[in-house]
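1. This is a predicted model, with the sequence first.
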Number of protein chains: 2
Amino acid sequence: MPTIYQVAERAGVSLSTVSRVLNGKASVNKALKERVDEAIKELNYRPNAVARSLANNRTDSVGVLIPKRNASVFSETLQALECTLRKAHKHVVIAIGDPGIEAEKEAVEFLVSRNCDALIIDSETLSDEYLVNLNQTTLPTVLLDRHIDEIPDACFTFNNEKGGYLATRHLLELGHKSIAYLSGPVSKAAAGSRLTGHKRALLEAGLTVNPQLIFNGDASENDGERGLLELMARDLPFSALVCASDGMASGAIGCARDLGMRLPHDLSIVGYDDMLIAHHLHPKLTAVHHSRADMAAIAATYILNKVYGQTHHIQPSFEPSLVVRESTLEFAN
Amino acid sequence: MPTIYQVAERAGVSLSTVSRVLNGKASVNKALKERVDEAIKELNYRPNAVARSLANNRTDSVGVLIPKRNASVFSETLQALECTLRKAHKHVVIAIGDPGIEAEKEAVEFLVSRNCDALIIDSETLSDEYLVNLNQTTLPTVLLDRHIDEIPDACFTFNNEKGGYLATRHLLELGHKSIAYLSGPVSKAAAGSRLTGHKRALLEAGLTVNPQLIFNGDASENDGERGLLELMARDLPFSALVCASDGMASGAIGCARDLGMRLPHDLSIVGYDDMLIAHHLHPKLTAVHHSRADMAAIAATYILNKVYGQTHHIQPSFEPSLVVRESTLEFAN
DNA sequence: CTGTTAGCGCATTCAT
DNA sequence: ATGAATGCGCTAACAG
């Protein structure tokens, strides 16, 4: 590997001059510049990124912490991040969080020890305090799918309330009057907001919120099944079901089929997230969709602006929308 | 950030001594070592990875080129790679290949320019020649899911022939005599091998290979549907169908259902890959399974051994296996 | 076993 | 506009 010295020698200039044409900040005599460019080509010179990093205290890398969980979210997020960052000549160093707060802290440590210029973190388990501190004292950090009051600018979240609202309103518009709800853990903001949106739609339509029609579970397929069974055991009739995740919807669909129900005739179901499986379920799942890719791209752009002084335009919001497929049907009395 | 000098000063030793206790290669007087350790703790010193890289010409990073395609493969591969590399204190820099040979070359260039110590490449489009040259002249490189004769050690592939064989034998064991086959592009080694395995199973069972029962398509869902329709149009009865990918199986299942067939009674179907969707399809898909995670982990371990002089044991092979679910049934005449 | 010294390749003062 | 000198933080000879 040739160094900047050899380029300088071949071009008959000092290394400072080479450095200048390389970085293009200071101006250089045209003739010299050409000689340098030629030398660079002849030697097939490539600047050494490590040396450059040491000299200017910057690695042009951003660390991404992302948990294992589901494949769709994982790949959509990562692909969007990498794509927008690489276009800006930044590289992404990944750390995949094993579950557990200690493991995630370790992963962050790892990223920090790698001298990343910034961090993009998708974590539910790390504490607010830790993240705020990280962002303020160690490294510029942005958060995916999470909100912390102290650092609003660094947080990117979906409008879950609206998503919950859209799901339920769709069912209402189809004429359903009795709508059950399979909720994720309300201790998590996202699940709570979705439920809030659901209730708002109900109230707006002049209906009342009946707690007997709401099941609280985690977001798993298993709890989708459990939830449907329990709701039916409560013996309150309902013709439609909103699931706070595609996984729950999948579980509910399987359960309904086992119970001999015909879908969507006997029960309309809407899911949430619109991941790959929504399309593969039968009937194909009507679901609330939001784009992780958009969120990731915007978060990355924010980093580009803030940390690297670029000035991309940031489109401010990404709203959920409803994708209507085959799992919902007009209410037929 | 404290430097090694400050640690040396505080401990009252030279920076070499600090470096020695840090790297633990040369031996250091116990008392001195303790003073150094203490100073490190007091200052909360962290060695600067960039400076270290510059000094020893090594970044402890491995570049991973992986194409966009499907989420399951993407995340499974990446997670396994990252996990095994991070345990060894190596970090992974990712480049996600946009389709196209030029884009992938650019991505490799990007990784190389980042001074990765090694490359792990999952690409179908880059030419053998390019990859061999890369591995031999630029950087140690391993290939995922691809074989090149010139560099056998650097290639990690599945036993696709066996997988195709297993799929068909399963059907034969269930009593099926007339088995159709939806093939991926036979120009690709993997698809070709699977088909070869299918034929071997047929021949072994004393049956003949009927080209009329074989459809050649890409691996897409669409071609699953197209394939089934075309096979049926050929008017040769068959009671079972092997699909060379889960995607094709998904398409075939949807198509069969649209045709009013009852699955698996009217047609047994087996898929290949056993990705997430296999579980979500209805009926749940019986499929050939192989572990991308295992392959990725082994490839990473190979790098650890070869590039970083570690001596992990490499379990030599990862064989496909058949996961029987609900989409195959005994042949009932 | 320990300290001194000289790079690793580049960016960046500071003179000129 | 150009070149010489210095330093980024660390490792690795080398000498003692």
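-> Arrived safely, thanks for sending. Owing to the predicted nature of the structure, the values given are computational and were not obtained by experimental measurement.
2. ok, the residue nearest the centre of chain A to A:Ser14 distance?
-> Central residue of chain A (CA atoms, centre = their mean): A:Arg292, 4.1 Å from the mean position. Shown here: A:Arg292 relative to A:Ser14, a distance of 50 Å by CB to CB, to the nearest Å. Yep, even glycine has a C-beta here, placed from its N, CA and C like the rest.
3. same deal with A:Ala233?
-> 83 Å.
4. Which residues are in contact with A:Gly12?
-> Residues in contact with A:Gly12 (CB atoms under 8 Å, 6 or more residues apart in numbering or on different chains) are A:Arg35.
5. Now with 10 Å, please.
-> Residues near A:Gly12 by CB atoms under 10 Å, 6 or more residues apart in numbering or on different chains: A:32, A:35-36, A:39.
6. ok, how many other residues are close to A:Ala55?
-> Using other CB atoms under 10 Å in any protein chain shown, A:Ala55 has 12 neighbouring residues.
7. sorry, that was for A:Ser113
-> With other CB under 10 Å as criterion, A:Ser113 counts 15.
8. tell me the contacts of it?
-> A:63, B:46-49, B:89, B:91.
9. hmm, try it at 7 Å
-> Applying CB atoms under 7 Å, 6 or more residues apart in numbering or on different chains to A:Ser113 gives the contacts B:46, B:49.
10. What parts of chain A come near chain B?
-> Residues of chain A lying close to chain B (CB under 7 Å from any CB of the partner chain) are A:46, A:48-51, A:53-54, A:59, A:68, A:71-72, A:74-75, A:79, A:82-83, A:86, A:91-96, A:110, A:113-115, A:250, A:276-277, A:280-282.
11. so A:Leu285 touches A:Arg325, yeah?
-> Yes - judged on CB atoms under 7 Å, A:Leu285 makes contact with A:Arg325 at a distance of 5.8 Å.
12. Name the residue in the two with the higher neighbour count.
-> A:Leu285 (30 against 17).
13. Setting aside sequence neighbours, what's the nearest residue to the more buried one?
-> A:Ala278 (4.0 Å; CB to CB, 6 or more residues apart in numbering or on different chains).
14. Quickly find the element holding that neighbour.
-> helix A:276-280 (DSSP states H and E).
15. Which residues does that helix contact?
-> A:72, A:246, A:250, A:271, A:285, A:287, B:71, B:250, B:276-277, B:280-281.
16. Looking at these, which one is closest to B:Ala154?
-> B:Ala71 (26.6 Å; CB to CB).
17. Give me the phi and psi angles of the closest one.
-> phi -60, psi -40 (degrees, to the nearest 10).
18. rewinding a little: roughly how far out does the helix holding A:Ala278 sit from the chain middle?
-> 18 Å (CA atoms, centre = their mean, to the nearest Å).
19. A:Ala233 and A:Ser14 - which one has more neighbours?
-> Between A:Ala233 and A:Ser14, A:Ser14 has the larger neighbour count (other CB under 10 Å), namely 12 against 8.
20. Now do the same contact list for that one.
-> Residues near A:Ser14 by CB under 7 Å, 6+ apart: A:Ala8.
21. Do stretch A:111-120 and DNA strand C come into contact?
-> No - on the criterion CB under 7 Å from any atom of the strand, stretch A:111-120 is out of touch with DNA strand C, staying 13.7 Å away.
22. Which helix or strand lies directly C-terminal to the one helix or strand in chain A whose mean pLDDT sits lowest?
-> When each helix and strand of chain A is scored by mean pLDDT, DSSP states H and E, helix A:276-280 comes last, with a mean of 91. The helix or strand immediately downstream of helix A:276-280 is strand A:286-289, counting by DSSP H and E.
23. ok, that following strand: who's next to it in the sheet?
-> strand A:268-273 (parallel), strand A:321-323 (antiparallel) (DSSP bridges).
24. Name the residue of chain A that lies nearest to DNA strand D.
-> A:Asn29 (2.5 Å; CB to the nearest atom of the strand).
25. okay, that residue: pLDDT?
-> Looking at A:Asn29, its pLDDT stands at 93.
26. Ok, A:Leu172 next?
-> So, for A:Leu172, pLDDT stands at 98.
27. pretty sure it is in contact with A:Gly206, am I right?
-> No - using CB under 7 Å, A:Leu172 makes no contact with A:Gly206, being 9.8 Å away.
28. For the two, indicate the residue with more neighbours.
-> Comparing A:Leu172 with A:Gly206 by other CB under 10 Å, the one with more neighbours is A:Leu172, at 19 against 7.
29. With adjacent residues omitted, what lies nearest to that one?
-> A:Ala205 (4.9 Å).
30. need the contact list for A:Pro67.
-> Residues in contact with A:Pro67, defined by CB under 7 Å, 6+ apart, are A:97, A:122-123.
31. and it, how far is that from chain B?
-> Going from A:Pro67 to chain B by CB to the nearest CB, to the nearest Å gives 10 Å.
32. With A:Leu166 instead?
-> 23 Å.
33. what about that residue, distance to B:Met295?
-> Taking CB to CB, one finds A:Leu166 at 41 Å from B:Met295.
34. next one: A:Ser220
-> Applying CB to CB to A:Ser220 and B:Met295 gives a distance of 28 Å.
35. So which residues of chain A form strands?
-> Taking DSSP state E, the strands of chain A run over residues A:61-67, A:91-97, A:118-121, A:141-144, A:155-156, A:179-183, A:214-216, A:240-243, A:268-273, A:286-289, A:321-323.
36. one step back: more neighbours: which of A:Ser220 and B:Met295?
-> For A:Ser220 versus B:Met295, neighbours defined as other CB under 10 Å are more numerous around B:Met295 (22 against 16).
37. Quick check: the more buried one touching B:Leu143?
-> No - contact criterion CB under 7 Å: B:Met295 and B:Leu143 do not qualify, at 10.7 Å.
38. got any residues that touch both of these two?
-> With CB under 7 Å, 6+ apart as the test, B:Met295 and B:Leu143 both reach B:Phe156.
39. Tally up the residues packed near the residue of chain A closest to DNA strand D, please.
-> Neighbour number of A:Asn29 under other CB under 10 Å is 12.
40. Tell me how far A:Gln6 lies from A:Thr17.
-> From A:Gln6 to A:Thr17 the distance is 14 Å (CB to CB).
41. In terms of packing, which of the two has more residues around it?
-> Set A:Gln6 next to A:Thr17 and count neighbours by other CB under 10 Å: A:Thr17 wins out with 21 against 15.
42. mind listing what that one touches?
-> So, once contact is read as CB under 7 Å, 6+ apart, A:Thr17 ends up touching A:8, A:28, A:32, A:36.
43. any idea which of the residues you listed has the most stuff around it?
-> A:Val36 (25 neighbours).
44. just checking, that one touches A:Val18?
-> Yes - contact status for A:Val36 versus A:Val18: in contact at 5.5 Å, counting by CB under 7 Å.
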